[in-house]
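*Asks:* got a sequence here, can you build the structure:
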Amino acid sequence: MKLWERVVEARLRKVVEICEQQYGFMPRKSTTDAIFALRILMEKYRDGQRELHCVFVDLEKAYDRVPREELWYCMRKSGVAEKYVRVVQDMYERSRTVVRCAVGQTEEFNVKVGLHQGSALSPFLFAIVMDQLSEEVRQECPWTMMFADDIVICSESREQVEENLERWRFALERRGMKVSRSKTEYMCVNEREGSGTVRLQGEEVKKVQEFKYLGSTVQSNGECGKEVKKRVQAGWNGWRKVSGVLCDRKISARIKGKVYRTVVRAAMLYGLETVSLRKRQEPELEVAELKMLRFSLGVTRLDRIRNEYIRGTAHVGCLRDKVREARLRWFGHVQRRESRRKLENSEETHTHGHRKNMDETGNGKTDQVNGGGRRDGRGIGGKRRRKRRWNKRRKMAGEKVTVVRALRGSAWLRRCRGN
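*Replies:* Residues are numbered from 1 along each chain as shown. Alright, predicted model coming up:
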């Protein structure tokens, strides 16, 4: 069945064009794209000392609440041929299910609403529905971004974002969806005193200073300290899951290193290519990593074994270098992607206001993502008064990092690759 669903999905993708605001389950798009766009937008307004109002909309049981008739209507409106509509209808015809619990399972009953759970076709069908439901209310990126049912609405004023939220609520609820009042949250970047809060149908939306967006924590003050702590915690959680393998004396250090890089390091590096790390925050990640490696190899600091030897034994490279490589890979991705201009809407957003000195605000995300950042020593450019200093720092593997080199996809990835 899944094979047939993938065949149908491939044919539907050829005829249906989903809006640029949708990042979920779209080719050449990922959570990193949406996280990067949001962080860049927040950085621009923080540096310009302007308020940015963001509402993170959550839908109640989004997949389970999609009306079937609404699904057929959205497919036809998107230009899907009637024969494919009938194919999908056949998949949903007479669908039945049971509920399994501790005392047994219930009798079979019909399911007349919602998309199939675990289906290979359901994510794209949901994207079609959201594309049609939001056609009249969505704005350009990055003021409106969607990842499946995770919606972000941004605006320069609280009144405008409140008005946009009400329009979204009306557009969704009139077609069978429902906005969760308890999980929808509001955050104000660079907030001034007395900016107030946002209301939805007379009810105050919960106001927060930080929000976990697609697995990455964004803070209203633009800092990334809590995100670094979350990455360290995620690394330890992953390490505990595979501690039976990593702490087994019968398993070689090379195998332990492979397991560590696959499970633990991947969790620690998630989303860090979009984060502007300060100098004092990079050692936090390295200290946590070396603790895990020492535990895995059965040594302590009392053994007085150098960190380089620990990494060499496990065949694990320096985490700081891996963060830089991730930024460089992301930089190449942004330069190569066909829809680069859509992502650049965030980078090119200008705010009218005083821009803080970068020494006050710390290292900017734009500077770090574009080739590794000033503190990484791999930036791709700067002001004329820093040109001579930057030219010495923006070398990678003996050659300068340029947009032209980033456009050479396979060669660029080989240059960025490490342990």
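*Asks:* low-confidence ranges in the stretch 51-200 of the chain?
*Replies:* Within the stretch 51-200 of the chain, the ranges that satisfy pLDDT under 70 run 194.
*Asks:* quick one: the strands in it?
*Replies:* Using DSSP state E, counting those that start in this stretch, the strands of the stretch 51-200 of the chain run over residues 52-57, 96-97, 100-101, 104-105, 109-110, 144-147, 150-155, 185-189, 199-200.
*Asks:* could I get the ones you listed as JSON lines with distance to Val232 and mean neighbour count?
*Replies:* Just so you know, the C-beta spots here come from the backbone N, C-alpha and C atoms, and that holds for glycine as well. Shown next, in JSON lines, are the strands of the stretch 51-200 of the chain (distance: least, CB to CB, whole Å; neighbours: other CB atoms under 10 Å):
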{"stretch": "strand 52-57", "distance to Val232": "24", "mean neighbour count": "24"}
{"stretch": "strand 96-97", "distance to Val232": "41", "mean neighbour count": "10"}
{"stretch": "strand 100-101", "distance to Val232": "38", "mean neighbour count": "8"}
{"stretch": "strand 104-105", "distance to Val232": "42", "mean neighbour count": "8"}
{"stretch": "strand 109-110", "distance to Val232": "46", "mean neighbour count": "9"}
{"stretch": "strand 144-147", "distance to Val232": "25", "mean neighbour count": "23"}
{"stretch": "strand 150-155", "distance to Val232": "24", "mean neighbour count": "23"}
{"stretch": "strand 185-189", "distance to Val232": "23", "mean neighbour count": "21"}
{"stretch": "strand 199-200", "distance to Val232": "35", "mean neighbour count": "16"}
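*Asks:* can I get these in TSV with distance to Leu269?
*Replies:* Output for the strands of the stretch 51-200 of the chain, formatted as TSV (distance: least, CB to CB, whole Å):
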stretch	distance to Leu269
strand 52-57	24
strand 96-97	39
strand 100-101	37
strand 104-105	42
strand 109-110	45
strand 144-147	20
strand 150-155	21
strand 185-189	25
strand 199-200	36
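*Asks:* and of those, who's closest to Ile255?
*Replies:* Nearest to Ile255 among the strands of the stretch 51-200 of the chain is strand 144-147; the distance by CB to CB comes to 35.3 Å.
*Asks:* now tell me what touches the closest one from outside.
*Replies:* Contact partners of strand 144-147, identified using CB atoms under 8 Å, 6 or more residues apart in numbering, comprise 21-24, 31, 34, 37-38, 130, 134, 138, 151-154, 214.
*Asks:* same deal with stretch 315-323?
*Replies:* Stretch 315-323 is contacted from outside by 253-254, 257-258, 260-261, 265, 268-269, 272-273, 277, 282, 285-286, 289, 293, 311, 418-419, using CB under 8 Å, 6+ apart.
*Asks:* which of the residues you listed count as buried?
*Replies:* 253, 257, 260-261, 265, 268-269, 272-273, 277, 282, 285, 289, 293, 311 (16 or more other CB atoms under 10 Å).
*Asks:* just the ones of these in helices?
*Replies:* Per DSSP state H, helices hold the following members of the buried ones among the contacts of stretch 315-323: 253, 257, 268-269, 282, 285, 289, 293, 311.
*Asks:* wait, Lys241 touches Val263, no?
*Replies:* Yes: between Lys241 and Val263 there is a contact under CB atoms under 8 Å: 6.9 Å.
*Asks:* more neighbours: those two, which one.
*Replies:* Using other CB atoms under 10 Å, the more surrounded residue of Lys241 and Val263 is Val263, with 16 against 13.
*Asks:* does the more buried one touch Ser243 like I think?
*Replies:* No: counting by CB under 8 Å, Val263 stays clear of Ser243, with 10.4 Å between them.
*Asks:* average model confidence for stretch 214-228?
*Replies:* Model confidence over stretch 214-228, given as mean pLDDT, is 92.
*Asks:* so what would you say the end-to-end distance of it is?
*Replies:* With CA to CA, to the nearest Å as the measure, stretch 214-228 spans 15 Å from end to end.
*Asks:* tell me how far it is from the chain's mean position?
*Replies:* 12 Å (CA atoms, centre = their mean, to the nearest Å).
*Asks:* same check, this time on stretch 134-152
*Replies:* Distance, centroid of stretch 134-152 to centroid of chain: 15 Å (CA atoms, centre = their mean).
*Asks:* count of neighbours near the closest residue to Ala288 other than its chain neighbours?
*Replies:* Nearest residue to Ala288, sequence neighbours excluded (CB to CB, 6 or more residues apart in numbering): Val232, at 4.6 Å. Residues near Val232, counting by other CB under 10 Å, number 18.
*Asks:* sweet, I'm off.
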